[in-house]
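Undergrad: predicted coordinates and the sequence they were generated for:
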Amino acid sequence: MTQPLIPSRLPSDAGRARPCPWLRVHGRAGSQSQPNTDGPSSSWLARITKFLVSIFLVLAGCSDERTTPLMVGTNIWPGYEPLYLAQAQGLYSDRDIRLVQHPSASEVIRAFRNGAIPVAAVTLDEALLMLADGMQIKVILVIDSSAGGDVILGRPPIIKMEDLRGKHVGCEASALGAFVLCRAAELHGLDCHKDMSVVDLEVDEHETAFSSGAIDAVVTFEPIRTRLLASGAKLLFDSREIPNEIIDVLVVRPEVIRDRKLQLKKLLDGWFRALAYMDAHPVEAAAIMGPREQLSGQQFTAALSGLKILKRADNLIMLRGPQPRIAQAAAKLASFMEQRGLLPNPVSLSGFVSSGLVEESAP
């Protein structure tokens, strides 16, 4: 099997080495001495303490969807903006649903792993990495399919993929960037492991590293694509060359479907209502969503042309059936990632997809 994609460090130290996403660092338990609790008095206190703790746990278990907001993690990407449009329109209250924007996809995954968020918007390859890392997840919504929004950009005089031999390429190596780079390299007769030096940069570092000349090229996506192209970057590759391979999904922990179903239904109902508003009022919707991406309404509309957002009917097609289409796409993607050393462990896709919430959402 091909060795995992290992990012290098630039002499300028613009990139930084990070552990692979499946590497865990475990803490060490303390070894403080405990007081002696022998004797009738301490035994009585222990029973009272145990009783109070049990009452607390019962009450904590009652802190369900009626009292705790559902935390939904995203990073910046035009395809996730309908969530924030729904929020702006008052379709989500802070008591029910709270959207949390993270600086990068890697941060979203870390937050999900650590239990800070039970719902995450990620790409399908990132969902596979989460499975390989031992996280239990289910896909409940197919958000979009990239059709030009994910790119590799070069600094002149680099104008084509073949010019990347021996160059430093920045990408988010623990997320989508590694897949895009290796897939693009393969299509253009390159080896992402041997023909270039990969610099691990999270999304919020892409523009600075590229503009300063610390890297020769960058694997990135909207809205950074629009801003860097406007500043003179050259388009080397975009996701139109790999149609239907970069897919964004909404994933949840299985117990969240059981315990917080009403909140999840509100989340999806708000999503589909926001899409309906975008169809009916495209200019107004773009004017609301663009500024969050640091784009004008017109630029945001142009950025949306680089992806296809899936409606409810599309989702029913992708999620339903004994072999859902999204599961088939995931199996094909997992095979590619394993062969290229991008997936540390084989993954099981049994029970990976749940169509019930979309089926129950408002048409």
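TA: Yes, it's here.

Undergrad: run through this structure and note the low-pLDDT ranges.
TA: Within the chain, the stretches with pLDDT under 70 are 1-66.

Undergrad: in terms of helices and strands, where is the residue positioned nearest the centre of it?
TA: Computing the C-alpha centroid of the chain and ranking residues by Cα atoms, centre = their mean puts Val122 first, at 2.4 Å. Per DSSP states H and E: Val122 is located in strand 119-123.

Undergrad: could you check the angle strand 119-123 makes with the next helix or strand after that strand?
TA: Later in the chain than strand 119-123, the nearest helix or strand by DSSP H and E is helix 124-132. Interaxial angle, helix 124-132 versus strand 119-123 (axes from the mean of the first three to the mean of the last three Cα atoms, to 10 degrees): 120 degrees.

Undergrad: neighbouring contacts of the next helix or strand after helix 124-132?
TA: Once helix 124-132 ends, the next helix or strand along the chain (criterion: DSSP H and E) is strand 138-146. Residues outside strand 138-146 that contact it (Cβ atoms under 8 Å, 6 or more residues apart in numbering): 79-80, 121, 127, 221, 239, 243-244, 246-254, 257, 264, 268, 271, 306-310, 314-315, 318-319, 326, 351-354, 357-358. (C-beta placed from N, C-alpha, C; glycine too.)

Undergrad: could you break this protein into its assigned domains?
TA: Using automatic domain parsing, the domain parsing of the chain gives 70-146+245-360, 150-241.

Undergrad: what about the strands in the stretch 101-250 of the chain?
TA: Assigned by DSSP state E, counting those that start in this stretch, the stretch 101-250 of the chain shows strands spanning 119-123, 138-146, 150-154, 168-171, 197-200, 217-221, 234-238, 247-252.

Undergrad: any chance of those strands in a markdown table, with distance to Tyr277 too?
TA: Formatted as a markdown table, those follow (distance: least, Cβ to Cβ, whole Å):
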| stretch | distance to Tyr277 |
| --- | --- |
| strand 119-123 | 19 |
| strand 138-146 | 16 |
| strand 150-154 | 26 |
| strand 168-171 | 34 |
| strand 197-200 | 38 |
| strand 217-221 | 24 |
| strand 234-238 | 28 |
| strand 247-252 | 19 |
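
Undergrad: and these: which comes nearest Arg340?
TA: strand 197-200 (12.8 Å; Cβ to Cβ).

Undergrad: which parts of that closest one are buried?
TA: 197-200 (16 or more other Cβ atoms under 10 Å).

Undergrad: which one of the residues you listed is nearest to Glu172?
TA: The closest of these to Glu172 turns out to be Asp200 (Cβ to Cβ; 7.1 Å).

Undergrad: how close does the closest one get to Ile97?
TA: Distance, Asp200 to Ile97, by Cβ to Cβ, to the nearest Å: 32 Å.

Undergrad: which is the succeeding secondary structure element to the helix or strand hosting Leu333?
TA: Assigned by DSSP H and E, Leu333 belongs to helix 325-339. The helix or strand immediately downstream of helix 325-339 is helix 356-360, counting by DSSP H and E.

Undergrad: packing partners for that next one?
TA: If contacts are counted by 3 or more Cβ pairs under 8 Å, 6 or more residues apart in numbering; DSSP states H and E, helix 356-360 sits against strand 138-146, helix 261-280, helix 312-319.

Undergrad: and the contacts of it?
TA: By Cβ under 8 Å, 6+ apart, helix 356-360 touches 140-141, 257, 261, 264-265, 268, 312, 315-316, 319-320.

Undergrad: give me that answer again for 10 Å
TA: Residues from elsewhere that reach helix 356-360, judged by Cβ atoms under 10 Å, 6 or more residues apart in numbering: 138, 140-142, 250, 252, 257, 261, 264-265, 267-269, 271-272, 310, 312-316, 318-320.

Undergrad: so how far is it from its chain's centroid?
TA: A distance of 22 Å separates the centroid of the chain from that of helix 356-360, by Cα atoms, centre = their mean, to the nearest Å.

Undergrad: mind listing what's buried in it?
TA: Using 16+ other Cβ under 10 Å as the burial criterion, the residues of helix 356-360 that qualify are 357-358.

Undergrad: next: stretch 228-248.
TA: For stretch 228-248, burial by neighbour count (16+ other Cβ under 10 Å) applies to 228, 233-234, 236-239, 242, 245-248.

Undergrad: CA-only coordinates of it, as PDB, when you get a sec.
TA: Provided in PDB are the C-alpha atoms of stretch 228-248 (Å, rounded to 0.1, in the frame of the first residue of the first chain):
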ATOM      1  CA  LEU A 228      -6.900  34.400  -4.900                       C
ATOM      2  CA  LEU A 229      -7.900  34.300  -8.500                       C
ATOM      3  CA  ALA A 230      -8.700  38.000  -8.300                       C
ATOM      4  CA  SER A 231      -5.200  38.700  -7.000                       C
ATOM      5  CA  GLY A 232      -3.500  36.900  -9.900                       C
ATOM      6  CA  ALA A 233      -3.400  33.200  -9.000                       C
ATOM      7  CA  LYS A 234      -3.600  30.700 -11.900                       C
ATOM      8  CA  LEU A 235      -6.100  27.900 -12.000                       C
ATOM      9  CA  LEU A 236      -4.300  24.500 -12.300                       C
ATOM     10  CA  PHE A 237      -7.200  22.200 -11.500                       C
ATOM     11  CA  ASP A 238     -10.800  22.300 -10.300                       C
ATOM     12  CA  SER A 239     -13.400  19.800  -9.200                       C
ATOM     13  CA  ARG A 240     -15.100  19.800 -12.600                       C
ATOM     14  CA  GLU A 241     -12.500  17.300 -13.600                       C
ATOM     15  CA  ILE A 242     -13.800  14.900 -10.900                       C
ATOM     16  CA  PRO A 243     -17.600  15.300 -11.100                       C
ATOM     17  CA  ASN A 244     -19.600  13.900  -8.100                       C
ATOM     18  CA  GLU A 245     -16.500  12.900  -6.200                       C
ATOM     19  CA  ILE A 246     -16.400  15.800  -3.700                       C
ATOM     20  CA  ILE A 247     -19.700  15.700  -1.800                       C
ATOM     21  CA  ASP A 248     -20.600  17.500   1.400                       C
END
